[in-house]
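*Asks:* what follows is a protein structure lacking sequence information:
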């Protein structure tokens, strides 16, 4: 139970948790919400207030390029959810000020669990929105595609009913 060794283990633990939180945040934004595709494709995503390169923060061009072309909740709400998820991903840091903010360990646990439940609820707003957008795109691709006889998807004729009376 060497205090120096315990401090080293704590530092390693903090570094690993930060890496985990950043990875999960990136996964949320890129994979689960389908955002930030334009960031990697083009450097014009970096916002600027002038007219020389880049788009103005909050303008439709910037939000469409950096977040996603379709934002059903709008730029402000989507960006707010993204920021809240970013902050709440690091709610585990409250553990280091637990004794200052919370009267006891039980209230610390309660509040961190409530914050995590809230984070997951707002995460779901953008996740369901993205899934709906992906499904709509897939449906449009299938409905506009001309299929050969062998590859055509099965669509039951409307005249055939599975609940026929005998």
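*Replies:* Ah, there it is. The shown structure was predicted, so the numbers you read here are calculated from the model rather than taken from an experiment.

*Asks:* so where's this structure shaky on pLDDT?
*Replies:* Low-confidence segments of the chain (pLDDT under 70): 38-65, 145-166.

*Asks:* now the helices for it?
*Replies:* Here the chain has its helices, by DSSP state H, at 3-27, 37-41, 60-66, 74-88, 98-101, 105-144.

*Asks:* name the helices or strands packed onto the fourth one?
*Replies:* Using 3 or more Cβ pairs under 8 Å, 6 or more residues apart in numbering; DSSP states H and E as the contact criterion, the elements in contact with helix 74-88 are helix 60-66, helix 105-144. Using the backbone N, CA and C atoms, a C-beta is placed for each residue, glycine as well.

*Asks:* show me what counts as buried in it.
*Replies:* Neighbour-count burial for helix 74-88, counted by 16 or more other Cβ atoms under 10 Å, picks out 75, 78-79, 81-82, 85, 88.

*Asks:* tell me what angle it forms with helix 3-27.
*Replies:* Orientation check (axes from the mean of the first three to the mean of the last three Cα atoms, to 10 degrees): helix 74-88 against helix 3-27 gives 160 degrees.

*Asks:* return the most buried member of the helices and strands packed on helix 74-88.
*Replies:* For those, the largest average neighbour count (mean count of other Cβ atoms under 10 Å) is found in helix 60-66, namely a mean of 17.

*Asks:* out of the helices and strands packed on helix 74-88, nearest to residue 13?
*Replies:* Set against residue 13 and scored by Cβ to Cβ, the helices and strands packed on helix 74-88 come closest in helix 105-144, at 16.6 Å.
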